[in-house]
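Q: Next one to model:
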Amino acid sequence: MVGKRGPILITCQNPDCTFFQIEDGKDITKNGHNPAGNQQYYCHHCDRFFIETKNTPLFNSRLPRSDVLIIAKHATEKTSIRGVSRVSGHHCDTISRYYHLIGDHAKTLNEHFIHDIPAGDCEMDEIWEFIQKKQKSSNK
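A: Okay, the predicted model is just below:
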C-alpha cells in the first residue's frame, strides 16, 4: 500500500504563469529527477517543468550541494578565497563565482522580505552612537 504524499512546498518558477510564486491555488506535481539528481516539478497551470534549485545559487551548478554548502559556510566566516580554495580543492575562480551567486541571492531575498520596517529606539540609538563625532583632543 502506498502512503500519503507530503505537501509540495515549492511554487511555480515561471514568470509568465498566473500562479508565479503564489502559494494559494497552485497545482504542482513532482515529475522525477533531472540528470543532476535534482527534483523536477510540473506546473499544470502553465504546462512548464522546473527544478527545485531554480532561483537559487545552486541552479545550473556542477558542484555537489555539499561542496556549495562548505563554500557558503566559509563565506559567512569571511575566509579568504584562496583559503576556501585550499580547503575545498576547487579553483579560486569557482569560489569567487559562488561568492557572487550567494551574495546576489541574499540581496534579492533582503529586497523581497525586508522593507517598510520601522526602526525601534535601540536601533536609532546605535545609529547615533556610530555617526556621533568624537571629541578633539587638546594635546597639541
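Q: Which residues are in contact with Lys54?
A: Counting by C-beta atoms under 8 Å, 6 or more residues apart in numbering, Lys54 touches Gln13. Quick note: C-beta positions are derived from backbone N, CA and C, even for glycine.
Q: In which helix or strand does the most centrally placed residue in the chain reside?
A: Residue closest to the mean C-alpha point of the chain, counted by C-alpha atoms, centre = their mean, is His105 at 4.4 Å. In this assignment (DSSP states H and E), His105 forms part of helix 92-113.
Q: what are the ranges of the strands in this protein?
A: Using DSSP state E, the strands of the chain run over 28-33, 39-43, 48-51.
Q: what about the first one, average pLDDT?
A: Here strand 28-33 scores 86 as its mean pLDDT.
Q: Offset the numbering so it begins at 28, please.
A: From this message on, residue numbering opens at 28, which makes the last subject strand 55-60.
Q: where's that strand relative to the chain centroid, distance-wise?
A: 22 Å (C-alpha atoms, centre = their mean, to the nearest Å).
Q: same check, this time on the shortest one
A: Its chain's average C-alpha position is 19 Å from that of strand 75-78, according to C-alpha atoms, centre = their mean.
Q: for stretch 125-133, same thing?
A: 7 Å.
Q: re earlier: for the strands of the chain, give me JSON lines that also has mean neighbour count.
A: Rendered in JSON lines, the data for the strands of the chain read as follows (neighbours: other C-beta atoms under 10 Å):
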{"stretch": "strand 55-60", "mean neighbour count": "13"}
{"stretch": "strand 66-70", "mean neighbour count": "17"}
{"stretch": "strand 75-78", "mean neighbour count": "18"}
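Q: could I get those as a markdown table with distance to Lys105?
A: As requested, the strands of the chain are arranged in a markdown table below (distance: least, C-beta to C-beta, whole Å):
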| stretch | distance to Lys105 |
| --- | --- |
| strand 55-60 | 35 |
| strand 66-70 | 33 |
| strand 75-78 | 31 |
